[in-house]
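Colleague: Sequence and predicted structure are below.
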Amino acid sequence: MWRRLGFLSPAISSSKRQNRIPESLKLVMLFATDAVKDDITASRRPFITFVLGGPGSGKGTQCARIASAFGFAHLSAGDLLREEMSCDSKKGKLIRDIIMEGKIVPSEITVHLIKEAIMSSSADRFLIDGFPRSEENRIAFETIIGVEPNLVLFFDCPEEEMVKRVLGRNQGRIDDNIETIKKRLKVFEMLNLPVINYYSAKGKLYKINATGTVDEIFEKTLT
Ligand SMILES: Nc1ncnc2c1ncn2[C@@H]1O[C@H](COP(=O)(O)OP(=O)(O)OP(=O)(O)O)[C@@H](O)[C@H]1O
Ligand SMILES: O=c1ccn([C@@H]2O[C@H](COP(=O)(O)O)[C@@H](O)[C@H]2O)c(=O)[nH]1
Ligand SMILES: [Mg+2]
């Protein structure tokens, strides 16, 4: 991926050596489609960005900004699960119970929903928001979908700020209460941080300080 982008822009080929991440994420976003078109071996290989961060770190808010600025399709794993949860079925009830407990829904359910959403879209670049939540999720995605993400964004936010944002969200989510938030923060630390560390070690992670206003964070994301 980075090699292909390197053909397109000298700025990108002068990436930071230690982690292969280019200086400007904006350039990556702008060239994402060209990188896909450059790959003549795949009939369809979308540019995939995982967007990670703790509960309330602003993933959804920033994804909406990135999606509209760079033409990405925004798939929120949480939204896909909440849609499925609203079905009056055994699976819907299972998802509801897990979300209430702040735990992680079995990988096969989430990966199946993401796969269907990708397949029913004609987009060539995706932001996958709030996934993978665990190493098990990550391995299931790579096995079932058969690709690795091109890029991983991590919105790094202090716990106190995340709790404040979640409690102020006011969208009627069943998990936006202090008991569930505490559990979600523990799950984030225990299961999601290892995924973040994994992608950091692979040189795919782009860490963004997620404090400040929405505009400031968006600016930080692009510089
Ligand atoms: N920089 C910011 N400053 C203040 N409030 C913010 C900021 N970014 C987002 N918010 C607000 O904080 C709340 C949580 O943001 P958002 O839904 O984007 O987080 P999230 O990471 O997607 O959370 P979750 O993992 O729970 O889905 C929302 O009400 C949003 O409007
Ligand atoms: O990949 C995923 C994504 C989400 N969940 C469950 O949904 C809630 C809410 O997710 P948000 O990303 O905060 O909208 C999360 O706490 C998990 O319980 C999941 O299991 N797997
Ligand atoms: Mg969200």
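Modeller: Great, that's in hand. Numbers count the residues shown, from 1 in each chain. Ligands and ions are numbered 1, 2, ... in the order given.
Colleague: who does the spatially most central residue of the chain bridge with?
Modeller: Nearest residue to the geometric centre of the chain (CA atoms, centre = their mean): Val51, 2.1 Å. Note on Val51: beta-bridge partners by DSSP bridges are Asp129, Leu153.
Colleague: Now do it against Asn150, distance only.
Modeller: From Val51 over to Asn150 the distance is 12 Å, taken as CB to CB, to the nearest Å. In short, each C-beta sits where N, CA and C put it, glycine included.
Colleague: can you pull the contacts of whichever residue of the chain sits closest to ligand 2?
Modeller: Distances between the chain and ligand 2 by CB to the nearest ligand atom are smallest at Gly78, namely 2.1 Å. Gly78 is in contact with 129-130, counting by CB atoms under 8 Å, 6 or more residues apart in numbering.
Colleague: helix or strand for it, which one?
Modeller: Assessed by DSSP states H and E, Gly78 sits inside helix 77-85.
Colleague: buried sites along that helix?
Modeller: Along helix 77-85, these residues count as buried under the neighbour rule (16 or more other CB atoms under 10 Å): 77-78, 80-82, 84-85.
Colleague: Tell me how many other residues surround Val214.
Modeller: 13 (other CB atoms under 10 Å).
Colleague: before we move on, what about Asn192?
Modeller: 24.
Colleague: Next, count neighbours for Thr180.
Modeller: 19.
Colleague: typo on my end, Gly58
Modeller: Residues near Gly58, counting by other CB under 10 Å, number 23.
Colleague: my read: it touches Arg165, true?
Modeller: Yes: assessed by CB atoms under 8 Å, Gly58 is found in contact with Arg165 at 7.1 Å.
Colleague: follow-up on the earlier one: ok, is the helix or strand immediately after the helix holding Gly78 in the chain in contact with ligand 2 or not?
Modeller: Sequence-wise, the next helix or strand downstream of helix 77-85 (DSSP H and E) is helix 90-100. Yes: Helix 90-100 lies within reach of ligand 2 by CB under 6 Å from any ligand atom, at 98-99.
Colleague: does helix 90-100 come close to ligand 1?
Modeller: No: against ligand 1, helix 90-100 shows no contacts by CB under 6 Å from any ligand atom, the least distance being 10.5 Å.
Colleague: can I get the CA coordinates of that helix in PDB?
Modeller: Provided in PDB are the C-alpha atoms of helix 90-100 (Å, rounded to 0.1, in the frame of the first residue of the first chain):
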ATOM      1  CA  LYS A  90     -32.900 -14.200  19.400                       C
ATOM      2  CA  LYS A  91     -29.800 -12.600  17.800                       C
ATOM      3  CA  GLY A  92     -31.200  -9.100  18.400                       C
ATOM      4  CA  LYS A  93     -31.700  -9.900  22.100                       C
ATOM      5  CA  LEU A  94     -28.200 -11.300  22.400                       C
ATOM      6  CA  ILE A  95     -26.700  -8.200  21.000                       C
ATOM      7  CA  ARG A  96     -28.800  -6.000  23.300                       C
ATOM      8  CA  ASP A  97     -27.700  -7.900  26.400                       C
ATOM      9  CA  ILE A  98     -24.000  -7.700  25.300                       C
ATOM     10  CA  ILE A  99     -24.200  -4.000  24.600                       C
ATOM     11  CA  MET A 100     -25.900  -3.300  27.900                       C
END
